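[1] next come a sequence and a model predicted from it.
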Amino acid sequence: MSARNSEDSRRSQILAALEDQDTTVVIDDPLENSMILNMGPQHPATHGVLRLLIKLDGETVMAAVPELGYLHRGYEKIAESSTYHEFIPHTDRLDYLSPLSNNVAYVLAVEKLAGIEIPRRAQYIRVLVCEMARVASHLVAIGSMAMDVGALTVLLWTFREREKLLDIYDVLCGARFTTSYTRIGGLQQDWTPQCTAMLRQFLSEFDADVREVEKLLQNNRIFIDRCENVGHISREDAIAWGLTGPLLRAAGVPRDLRRDVPYLVYPELDFKVITFTESDALARFYVRLAEMYESTGILSQALDKLPEGPYNAFETKKVLPAKERTYTRMEELIHDFMLINLGIDPPVGEVYHAVESSKGELGFYLVSDGTGHPWRMKIRSPSTCNLSTLPIMLKGGMISDIVAVIGSMDPVMGEADK
Amino acid sequence: MNDRILEKLHALVPENIAGSREFRDELTVTVTVDVLVRVCEFLKTDPELAFDMLIDLTAVDMYRPEARFEVVYLLYSLKNTRYLRLKVTVEEERATVPTVTGVWPAANWHERETFDMFGIRFAGHPDLRRLYMPEEFEHHPLRKDFPLMGIPDSLPLPRR
């Protein structure tokens, strides 16, 4: 009603001015009307099905409200009615850009709950796959962020690199995307010399290939202008809002779970925790870029140190036996049957285990009532927590910055919506 | 360190600690709802403990007649690089917990999600809407009495 009144008064103002034949009309504030813009869920720059409601004043973002749930599949509910093993394939579909590190994060939580110690070879292989997943995910993050601000070439080049990693996944576990590679107490199959050769080949080319990508962007005026001082969040806000991963490190907080709350064999490997203090989209880009080089360093160290030995823990009541033994021996067949149908039975208790995934802290909180199904499973997904800071990062920026900020945040909606 | 945390909490609210458990080196402390915000503020501001991050907040439906829900807070201290799990229990009829968004803004979306999934209300929350499910949905899916297959017609399809 009031909008119509102001519209009427403006019209009468214009009419009166025309009658006076004086064509200069002064309207108090031409930009006082704010506009609500709906962005997504089908929008190429929202990285999936993120929906944003944006309140605009001209081109300036006054407020932004993210709306989630377009990819909500109820994984926490599904987990409560499946055995601990059955849930592993679902973890692939959380952060679908780094399925391997989700697999590892989940089984580490289950192993902590059940108290299973895994062999050192399996730990090294898990470090290898986690770091490959991080490189693959950061490649997509960098490429899509550059594409969002207009540099399409970068995306094609980073996807070319990622393709080589997916080929290694293919040889390692028979799938390029939905890997489901880990098992409780070990792995689906062993790391092979062919994987070593392919990974060494990848590592030998990686530096030069990524330097090319870097060269495209490093002195690119358009890229820097669109990312610098965009999507800023203060260090205090970043901590208080629970940011994790590259976003927190770009805000100057050196928090990396691989170093702070060590798991697997990370204490035996040498790597730096990359931090920047600018806390803008450009800093996040550089954090990811530098982390990829650190990850390749970890990969070559882990390849050098990869010990021989079994890749599954010897715990017959908790770890699935090897397939060839299941088919030929009675005892293993019984164990296989029991584990598949009833699941492992961990003690009553609750654990939380988190890993540093490419997006941040990916944690699983498991509550066990002593049966083969978790009583409750909570996924602490880094993308959800990171997205909750989007209103702060976007406020006061330009509408064209939105895509750069979302790109620098690198959310994966499969994980954010669970 | 776990002993030190318990010691400090016992000194702060001796009457209101309902229990504590250590399992796989993880400390879980249960406090009563009335001192929750006070305990949270203490844990955050105490210079020695300094739990400055709220990593996760969720609930567990224990599906029992008394104290049906447990609301679980997972705190992290950047200084000591360690976690602490804080718990409160709530009844089904009065499923209301004071919000901790004033202590850690990170609780905002976590509390919305917990409200969405369990129907636990957070008193004083600035924007307590559902996070994942549609606004008009009437149930709370992660309650144990919500069937896995869903309830027919509870999610109306959009009209063409």
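    Arrived safely, thanks for sending. Numbers count the residues shown, from 1 in each chain, chains lettered A, B, ... in the order given.
[2] for chain A, longest helix please?
    Longest helix in chain A by number of residues (criterion: DSSP state H): helix A:120-148.
[3] which strands and helices lie in contact with it?
    helix A:99-114, helix A:152-173, strand A:186-187, helix A:193-218, helix A:281-305, helix A:401-409 (3 or more Cβ pairs under 8 Å, 6 or more residues apart in numbering or on different chains; DSSP states H and E). (Glycine included, C-beta is placed from N, CA and C.)
[4] out of these, the one nearest A:Ala322 is which?
    Of all the helices and strands packed on helix A:120-148, it is strand A:186-187 that lies closest to A:Ala322, at 9.9 Å by Cβ to Cβ.
[5] what's that closest one in contact with?
    A:118-119, A:122, A:125-126, A:181, A:310-313, A:319 (Cβ atoms under 8 Å, 6 or more residues apart in numbering or on different chains).
[6] go again using 7 Å as the cut-off
    A:118, A:122, A:125, A:181, A:311-313, A:319 (Cβ atoms under 7 Å, 6 or more residues apart in numbering or on different chains).
[7] how many neighbours does whichever residue of chain A sits closest to chain B have?
    In chain A, the residue that lies nearest chain B is A:Gly242 (3.3 Å; Cβ to the nearest Cβ). Using other Cβ atoms under 10 Å in any protein chain shown, the number of residues around A:Gly242 comes to 29.
[8] in this structure it contacts B:Asp56, no?
    No: using Cβ atoms under 7 Å, A:Gly242 is not in contact with B:Asp56, being 8.4 Å away.
[9] helices and strands around the helix or strand of chain B with the lowest mean pLDDT, which ones?
    Lowest mean confidence among the helices and strands of chain B (mean pLDDT, DSSP states H and E): helix B:2-12, at a mean of 81. With contacts defined as 3 or more Cβ pairs under 7 Å, 6 or more residues apart in numbering or on different chains; DSSP states H and E, the packing partners of helix B:2-12 are strand B:17-23, strand B:26-31, helix B:36-45.
[10] pull out the buried residues from it.
    B:5, B:9, B:12 (16 or more other Cβ atoms under 10 Å in any protein chain shown).
[11] again with stretch A:353-372
    Neighbour-count burial for stretch A:353-372 [16+ other Cβ under 10 Å]: A:353-368, A:372.
[12] quick one on the thing from earlier: including neighbour count, could the contacts of strand A:186-187 go into CSV?
    Converted to CSV, the contacts of strand A:186-187 look like this (neighbours: other Cβ atoms under 10 Å in any protein chain shown):
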residue, neighbour count
A:Ile118, 25
A:Ala122, 24
A:Ile125, 26
A:Tyr181, 24
A:Tyr311, 22
A:Asn312, 21
A:Ala313, 18
A:Val319, 21
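[13] and which of those is nearest A:Val49?
    A:Tyr181 (26.5 Å).
[14] can you list the domains in chain A?
    Per the record, chain A has its domains at A:1-33, A:75-417, by automatic domain parsing.
[15] deepest of those, which one?
    domain A:75-417 (a mean of 20; mean count of other Cβ atoms under 10 Å in any protein chain shown).
[16] tell me how far that domain lies from the chain's centre.
    Here domain A:75-417 is found 7 Å from its chain centre; the criterion is Cα atoms, centre = their mean, to the nearest Å.
[17] start to end distance for it?
    Using Cα to Cα, to the nearest Å, the span of domain A:75-417 from its first residue to its last is 9 Å.
[18] then stretch A:169-189?
    One end of stretch A:169-189 sits 12 Å from the other (Cα to Cα).
[19] how about stretch A:61-78: buried residues?
    A:61, A:64, A:66-72, A:74-77.
[20] for chain B, tell me whether that stretch is touching it.
    Yes: Stretch A:61-78 lies within reach of chain B by Cβ under 7 Å from any Cβ of the partner chain, at A:68-69, A:72, A:74, A:76-77.
[21] just the mean pLDDT for that stretch, thanks.
    For stretch A:61-78, the mean pLDDT works out to 89.
[22] equivalent analysis for stretch A:120-132, please.
    The predicted model assigns stretch A:120-132 a mean pLDDT of 92.
[23] what sits up against that stretch?
    Contacts for stretch A:120-132 (Cβ under 7 Å, 6+ apart): A:100-101, A:104, A:165, A:168, A:181-182, A:186-187, A:191, A:264-266, A:295, A:298-299, A:302, A:305-312, A:355.
[24] repeat that with 6 Å
    A:100-101, A:104, A:165, A:186-187, A:191, A:264-265, A:295, A:298-299, A:302, A:306-307, A:309, A:311 (Cβ atoms under 6 Å, 6 or more residues apart in numbering or on different chains).
[25] the residue in chain B that chain A sits nearest to: what's it in contact with?
    At 3.3 Å from chain A, B:Ala106 is the closest residue in chain B, using Cβ to the nearest Cβ. By Cβ under 6 Å, 6+ apart, the contact set of B:Ala106 is A:241-242, B:54.
[26] what angle separates the least confident helix or strand of chain B from strand B:17-23?
    180 degrees (axes from the mean of the first three to the mean of the last three Cα atoms, to 10 degrees).
[27] A:Glu332 contacts A:Lys323, doesn't it?
    No: in this structure A:Glu332 lies outside contact range of A:Lys323 using Cβ atoms under 6 Å: 9.3 Å.
[28] which ones are touching residue 69?
    Just so you know, I chose chain A. Neighbouring residues of A:Gly69 by Cβ under 6 Å, 6+ apart: A:417, B:132.
[29] looking at chain B here, not the other one
    By Cβ under 6 Å, 6+ apart, B:Phe69 lies in contact with B:59, B:61, B:90, B:120.
[30] likewise B:Ala18?
    Counted by Cβ under 6 Å, 6+ apart, B:Ala18 has contacts B:30, B:32.
[31] so where is chain B shaky, pLDDT-wise?
    Filtered on pLDDT under 70, chain B yields the residue ranges B:160.
[32] beta partners of B:Leu84?
    Assessed by DSSP bridges, B:Leu84 has beta-bridge partners B:Leu75.
[33] tally up the residues packed near it, please.
    As a burial measure, B:Leu84 scores 22 neighbours (other Cβ under 10 Å).
[34] ok, it touching B:Ser77?
    No: here B:Leu84 does not reach B:Ser77: they are 7.5 Å apart, not a contact under Cβ under 6 Å.
[35] hey, what's in contact with both of the two?
    Contacts common to B:Leu84 and B:Ser77, judged by Cβ under 6 Å, 6+ apart, are B:Phe51.
[36] many thanks, I have nothing further to ask.
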